[in-house]
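> Kindly return the folded structure for what I paste below:
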Amino acid sequence: QGLSLDAVRRRPAQLRAMQVGLEAQLLGLASGPGTSGFVEAAECAAEVRERTAAMLDAAVALGAALPAVGRASSALFRD
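Below you'll find the predicted structure:
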């Protein structure tokens, strides 16, 4: 199907109106409460990840220290 000459003339104006509408929607979404909630959730997830990694490191260090702690406690009970 071809476009009529009149439709071709109106096309840029329709596209511009659609672009303006989409830009307004995008601006509304970017500044809305949903966006700040998403950013807060992402920051919270990053903090949880950092804390989990720190706890894992501490657990590994604790596990590495267990043999020495076991030997020291056995020595205390023998004496």
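
> In this protein, what residue spans correspond to helices?
5-31, 33-78 (DSSP state H).

> which one of those has the lowest average pLDDT?
Across those, helix 5-31 has the smallest mean pLDDT, namely a mean of 82.

> quick one: that one to helix 33-78, angle?
With axes from the mean of the first three to the mean of the last three Cα atoms, to 10 degrees applied, the angle from helix 5-31 to helix 33-78 works out at 40 degrees.

> what packs against helix 5-31?
Helices and strands in packing contact with helix 5-31 are not found; criterion 3 or more Cβ pairs under 8 Å, 6 or more residues apart in numbering; DSSP states H and E. Every C-beta, even on glycine, is put in place using the N, C-alpha and C of the backbone.

> Columns mean neighbour count on top of the helices of the chain, output as TSV?
TSV is the format used below for these (neighbours: other Cβ atoms under 10 Å):
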stretch	mean neighbour count
helix 5-31	10
helix 33-78	10
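
> Please name the residues that touch Leu29.
By Cβ atoms under 8 Å, 6 or more residues apart in numbering, Leu29 lies in contact with Thr35.

> Against Ser36, how distant is it?
Using Cβ to Cβ, to the nearest Å, Leu29 is found at 11 Å from Ser36.

> Kindly report the same for Thr52.
With distances taken as Cβ to Cβ, Thr52 is found 24 Å from Ser36.

> Phe77 too?
Taking Cβ to Cβ, one finds Phe77 at 58 Å from Ser36.

> what does Asp57 give?
For Asp57 relative to Ser36 (Cβ to Cβ), the value is 32 Å.

> How about Ala58?
From Ala58 to Ser36 the distance is 33 Å (Cβ to Cβ).

> do Gly63 as well
From Gly63 to Ser36 the distance is 40 Å (Cβ to Cβ).

> what's the answer for Arg51, then?
Arg51 is 22 Å from Ser36, by Cβ to Cβ.

> cool, and Ala72?
From Ala72 to Ser36 the distance is 52 Å (Cβ to Cβ).

> now swap in Glu23 and tell me
Distance from Glu23 to Ser36, by Cβ to Cβ: 20 Å.
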